[in-house]
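Undergrad: can't give you the sequence, but here's the structure:
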């Protein structure tokens, strides 16, 4: 076993570290096992010695390390002053020492301290665009900048401590650094206040904001006194506060929804869109038409909405806007930027006096519809102002994002869409953002509220930095790296004749971003001509912790949607495509893909509840042991269904730029709602299904479900298209079991923390009981009972087994490491022909 491990981005050697004889210097320690996770009996023994296990830290030589060599390192509370010998003498413990203050300041902070601070902290490179079609007033390139914004908070949390120059020395702007100080997990609100008092006594403090019980304290402080904060024993880790930026209908057909008539726009005389369901023009599906997100409230956090009124609304939102909440400006929720209104429409029904949203061109009306056209809308506005470049400045985000989600949850929303984040920046040499306090607060809220689905945009930092015609990996935003959210990347839309502006400039990556995509095949590639392709600008995974992200992709180029009536800069909106109707305009970005997926989540929730969804289980971790009927689908189930229904993306370049899924480019594939709905309402008995389950620490027994393999016999040509002898005259075709492929996905919410705390493994056992496959291990087969290899980093695992034969197969979910007594999970499965 390696003696080096990575904690908070820093390499820490357990061989050369000066181990302390006791815990006199700290009430927190690190322990490492001899290789296996702690079992319940061992945790009980440690507890009897005063050890309180608080977080699993994992650990390995690097983020590229072998999963099977992943170390078992735990952060624990321990009585200050107690000897460490009782722990070190345990046979299953090979290392125990105090949690060093040298580990507290995250490596991401150290990197920022080593770099000069830009004079304009709230601006970014003008060629690094989050979504095509932004509000910039500064030149041709600036017209394609969509809101790469810095954070400028005008709304602060309570209590707020404002440090005055006459009481505390104020650091100069160049020396100040903004950080989030995260406290240890056992710090109470009273103890947090004591920490606040200690920090207030530190020279060089400029500003401090905090919530009473969030465990997060946000500081603006002279960087050369950060070590003083790290020395406080209550402090667990210090993360940098990064600038938050925006990430910006044909997309319905690409997602497996039926397509309604849409007029050709002024510079896009195209046919109805391609659908992955049929391989050609999509035909209506009653299953897809039936569900539109009714009785679902979707919350969108973005710049704002239209004119900021729930009554005087854009024609496409009549009677559907339930609440608008200001976070960035006092009392204002309108949308001078336009990004929020565009994103909201994607999840909304397009309504007007005629009952549907109408997009008119030369007097010819056509339908424009989102993925959840009957859902209700709630919006949280974070627009503050335009900066000196005409780009939107966002603000008002709480240090604990749980407050943001809680507002929506308490209003009844169970889907929360986020088209913003903190992607890598030029200031940090485009280094991958690590899991930070924002990521942790996202995971904590979803863990505590298991029925919440939270899609996040992966980001738009895809770049060809070494000019080899390929997009560099590792550019996922910090929030999008959270384990429990649904991270969404962008695939291409299908508008192959769309051009830029009335001059019909090329609609290519190289035209919009000449510096980022200067080499072919990227440079001259049309942005919206291949649904099997991925948007070049989208951020790629994996995360800094080597976790697989994004989870899924959805169309994110040339998305036609509503235009805010309060949009300030409108002179150049045609640069992203001439809509031919002032009520609508085009934008591109993972910002657009994310609300499409949020709408899909609303549709799935409606489909589940409409079909009498219920499970008998205890879904709330840490709650009562009594079983109860659950009628509210879990976020993990929505995630499992979406991913299991997703279709692979082939890529658009030669050689292949994506590879087989799951991969860090397209995740598990492009969302296909029709295929997902087929697991909720199978057209044929036994062809698909889903469920939830629990792993209980008391027994550590695996969850097992037996799934019969359908004997299809013969089916009609329509049902068997693409399978068998190619008959197309309506006769029956024989489909044997060897034509069936079994696909199953497991997903679960994990405890907050960068490492995978609760580690569950997905296993599929063959019908004859002689071999098994493991989640995320491809086609490799293993002897029954194999203890490796398994995925040690992800909360989503999938097995695809082609040419499945026999009477039935068994799906197992088995525990490897458990931090709590009960861990809930969800699974979805389907049999595919061919």
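TA: Thanks, I have it. Because the structure is predicted, anything quoted here is derived from the model rather than measured.

Undergrad: Spell out the secondary structure type for the closest residue to residue 375 other than its chain neighbours.
TA: Nearest residue to residue 375, sequence neighbours excluded (CB to CB, 6 or more residues apart in numbering): residue 293, at 3.4 Å. No exception for glycine: its C-beta is placed from N, CA and C like everyone else's. Three-state call for residue 293 (DSSP: H, G, I helix; E, B strand; the rest coil): coil.

Undergrad: for residue 293, what are its contacts?
TA: When contacts are counted by CB atoms under 8 Å, 6 or more residues apart in numbering, residue 293 touches 347, 371, 372, 373, 374, 375, 599, 602, 603, 605, 606.

Undergrad: What is the neighbour count of the third one?
TA: Counted with other CB atoms under 10 Å, the burial measure for residue 372 works out to 32 neighbours.

Undergrad: That one - that's part of a helix, no?
TA: No. Counting by three-state DSSP, residue 372 falls outside a helix, being coil.

Undergrad: give me phi/psi at it?
TA: phi -130, psi 70 (degrees, to the nearest 10).

Undergrad: which non-adjacent residue is nearest it?
TA: In space, and not counting its chain neighbours, residue 372 is closest to residue 293: 3.0 Å by CB to CB, 6+ apart.

Undergrad: Against residue 323, how distant is the one you found?
TA: Look at residue 293 and residue 323: by CB to CB, to the nearest Å, they are 17 Å apart.

Undergrad: ok, back up a step: in terms of pLDDT, where does the residue nearest to residue 372 sit?
TA: On the pLDDT scale, residue 293 is placed at 93.

Undergrad: So residue 443, which state does it fall into?
TA: Counting by three-state DSSP, the backbone at residue 443 sits in helix.

Undergrad: For it, give me its contacts.
TA: Going by CB under 8 Å, 6+ apart, the list of residues near residue 443 reads 482, 483, 484, 485, 749, 750, 751, 752, 753.

Undergrad: what helix or strand is residue 511 on?
TA: helix 509-512 (DSSP states H and E).

Undergrad: Report the mean confidence score over the helix or strand following that helix.
TA: Once helix 509-512 ends, the next helix or strand along the chain (criterion: DSSP H and E) is strand 552-555. On average, the pLDDT along strand 552-555 is 96.

Undergrad: packing partners for strand 552-555?
TA: For strand 552-555, the packing partners by 3 or more CB pairs under 8 Å, 6 or more residues apart in numbering; DSSP states H and E come out as helix 250-254, strand 486-491, helix 590-610.

Undergrad: Do I have it right that residue 469 meets residue 518?
TA: No. The criterion here is CB atoms under 8 Å, and residue 469 misses it with residue 518 at 9.4 Å.

Undergrad: now the spatially most central residue of the chain: how far from residue 593?
TA: When CA atoms, centre = their mean is applied to the chain, the residue found nearest the centroid is residue 487 (2.4 Å). With the distance defined as CB to CB, residue 487 ends up 11 Å from residue 593.

Undergrad: Return the list of strands paired to the longest strand belonging to the chain, each annotated with direction.
TA: The strand that spans the most residues within the chain, counting by DSSP state E, is strand 822-833. Looking at strand 822-833 with DSSP bridges, its partner strands are strand 688-696 (antiparallel), strand 740-747 (antiparallel).

Undergrad: Could you say which one of the ones you listed comes nearest to residue 711?
TA: Comparison of the strands paired with strand 822-833 against residue 711 by CB to CB identifies strand 740-747 as nearest, at 9.6 Å.

Undergrad: following that closest one, which helix or strand comes up?
TA: strand 759-765.

Undergrad: Check which helices and strands that next one sits against.
TA: strand 740-747, strand 771-774, strand 796-802, strand 808-817, strand 822-833.

Undergrad: any chance of those strands in TSV, with distance to residue 562 too?
TA: Output for the helices and strands packed on strand 759-765, formatted as TSV (distance: least, CB to CB, whole Å):
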stretch	distance to residue 562
strand 740-747	32
strand 771-774	45
strand 796-802	33
strand 808-817	43
strand 822-833	33
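
Undergrad: re the thing from before, what comes up buried for the helix holding residue 511?
TA: Neighbour counts over helix 509-512 (16 or more other CB atoms under 10 Å) mark 509, 510, 511, 512 as buried.

Undergrad: cool, stretch 763-783 as well?
TA: Within stretch 763-783, the residues that count as buried by 16+ other CB under 10 Å are 763, 764, 765, 766, 772, 773, 774, 775, 776, 777, 782.

Undergrad: and the gap between the residue lying closest to the last one once chain neighbours are set aside and residue 372?
TA: Setting aside the residues directly before and after it, residue 782 is nearest to residue 772 in space (CB to CB, 6+ apart), at 5.6 Å. Taken as CB to CB, the spacing of residue 772 relative to residue 372 amounts to 38 Å.

Undergrad: just residue 212 next, same as before
TA: For residue 212 relative to residue 372 (CB to CB), the value is 36 Å.

Undergrad: try residue 408
TA: Taking CB to CB as the measure, residue 408 falls 15 Å from residue 372.

Undergrad: swap in residue 665?
TA: 27 Å.

Undergrad: The residue nearest to residue 782 and residue 787 touch, don't they?
TA: No. Using CB under 8 Å, residue 772 is not in contact with residue 787, being 11.3 Å away.

Undergrad: For the residue lying closest to residue 684 once chain neighbours are set aside, pull up the helix or strand it's in.
TA: Nearest non-adjacent residue to residue 684, counting by CB to CB, 6+ apart: residue 710, 7.1 Å away. Of the helices and strands defined by DSSP H and E, none includes residue 710.
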